[in-house]
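*Asks:* any chance you can model this:
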Amino acid sequence: MKNIIIGILLTLISCKENTQKRNNSSSEKDNKTENLKTVENKLPYTYEDVKKYYKTNSDSTNYIVAVPEKKLVNFNSEEILFPIKENDFEIKPKITDKYFSIETFNFQNNISCKLIIYNTYGENDSKILNVQLNSYKEGILVDQLLLDCRFAFENQYYRTFSINKDKTIELVKYSINSLEYNETGDIVGEKDTPDINKENYLYVIDNEGKFVKK
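*Replies:* Numbers count the residues shown, from 1 in each chain. I've put the predicted structure just below:
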C-alpha cells in the first residue's frame with residue numbers, strides 16, 4: 001500500500017512539472033510574439049505627416065492645432081514638470097493647456113513613444129505650436145523631446161524631423177530673419193534676401209527609452 005501511495009505522489013509531481021514547462025513555453029512564445037508586434041510601426045514618420053493636424057490662423061502668422069476640442073487632453077502635473085529636451089526658449093505647457101495624441105510608436109524592451117501636438121504661449125502672448133515626443137519605459141514617463149516649435153516673433157522659427165525605424169531621430173532647426181533694423185534697434189523694413197540659420201541634430205532612443213544626442 002505504501003508503494004502505491006508513493007507512486008501516486010510521484011505521478012502528481014511529474015504532471016505538475018510538465019504543466020509548468022508547457023506554461024513557461026507558452027509564456028515565452030507570447031513574449032516573442034509581443035516583441036515582433038513592437039517593431040510594426042508607421043516609420044519613418046516625419047514633419048510632413050503632422051501637417052494635417054495644424055493650420056495657420058486668420059492673421060497667417062501663428063499656427064494652431066486643427067483638431068476638435070473634444071479630442072484634446074489635459075496635461076498632467078508629471079508631464080508639465082518633466083524636462084523637455086531641445087526646448088530652446090524654455091516655454092513649457094501649462095496645466096490649462098491641452099494636447100492631441102497623434103501616434104504611438106512601440107519598441108522592444110517595453111518602450112513606447114507618444115507623439116503629441118499642442119499650442120502654448122510665449123512672450124507677448126504669441127501663440128506657439130509644439131510637436132513633442134514623449135518616451136515611456138513600462139508605462140512610466142522617462143524622457144521628452146521637442147521635435148517642432150513653430151511661431152513668428154520678429155524672426156520666424158520652425159523645425160523639420162524624421163523618426164526612423166532604427167530608433168534614430170533627425171532634427172533640423174530653422175530661424176529666418178527677414179527684418180531690417182536701424183542703429184537703435186527699430187524695425188525699418190524687410191531684407192531683400194532673408195538670413196536663414198539652420199542647425200542639424202541627431203538623437204537615438206536607447207534601451208531605457210532615453211533620447212540620447214549623438
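*Asks:* can you get me the start-to-end distance on stretch 56-74?
*Replies:* Taking CA to CA, to the nearest Å, the first and last residues of stretch 56-74 lie 22 Å apart.
*Asks:* which residues sit against that stretch?
*Replies:* Applying CB atoms under 8 Å, 6 or more residues apart in numbering, the set of residues contacting stretch 56-74 from outside is 52-55, 95, 97-101, 117-119, 126-127, 129, 150-152. Quick note: C-beta positions are derived from backbone N, CA and C, even for glycine.
*Asks:* how far is that stretch from where the chain is centred?
*Replies:* Taking CA atoms, centre = their mean, to the nearest Å, the mean C-alpha location of stretch 56-74 is offset from the chain mean by 19 Å.
*Asks:* buried ones in it?
*Replies:* Neighbour-count burial for stretch 56-74 flags 62-63, 65, 67, 72 (criterion: 16 or more other CB atoms under 10 Å).
*Asks:* so where do the strands sit in this protein?
*Replies:* 45-46, 54-56, 63-65, 73-74, 98-107, 111-121, 127-137, 140-153, 155-163, 168-181, 187-205, 211-213 (DSSP state E).
*Asks:* go through these and name the closest to Glu90.
*Replies:* strand 140-153 (10.6 Å; CB to CB).
*Asks:* list the residues that contact Pro83.
*Replies:* Gln144.
*Asks:* where does this structure dip in pLDDT?
*Replies:* Scanning the chain with the threshold set as pLDDT under 70 gives 1-40, 59-60, 179, 185-189.
*Asks:* residue closest to the middle of it?
*Replies:* A centroid search over the chain (CA atoms, centre = their mean) returns Leu133, at 1.3 Å, as the residue closest to the centre.
*Asks:* separation between that residue and Glu48?
*Replies:* 16 Å (CB to CB, to the nearest Å).
*Asks:* same question, Ser178
*Replies:* Ser178 is 24 Å from Glu48, where distance means CB to CB.
*Asks:* please name the bridge partners of Tyr181.
*Replies:* Listed beta-bridge partners, Tyr181: Ile187 (assigned using DSSP bridges).
*Asks:* returning to that earlier point: weed out the non-buried ones from the contacts of stretch 56-74.
*Replies:* Buried members of those, scored by 16+ other CB under 10 Å, are 53-54, 97-100, 117-119, 127, 129, 150-152.
*Asks:* returning to what we had before: which one of the strands of the chain is the most hemmed in?
*Replies:* Ranked by mean neighbour count under mean count of other CB atoms under 10 Å, the strands of the chain are led by strand 127-137, which reaches a mean of 21.
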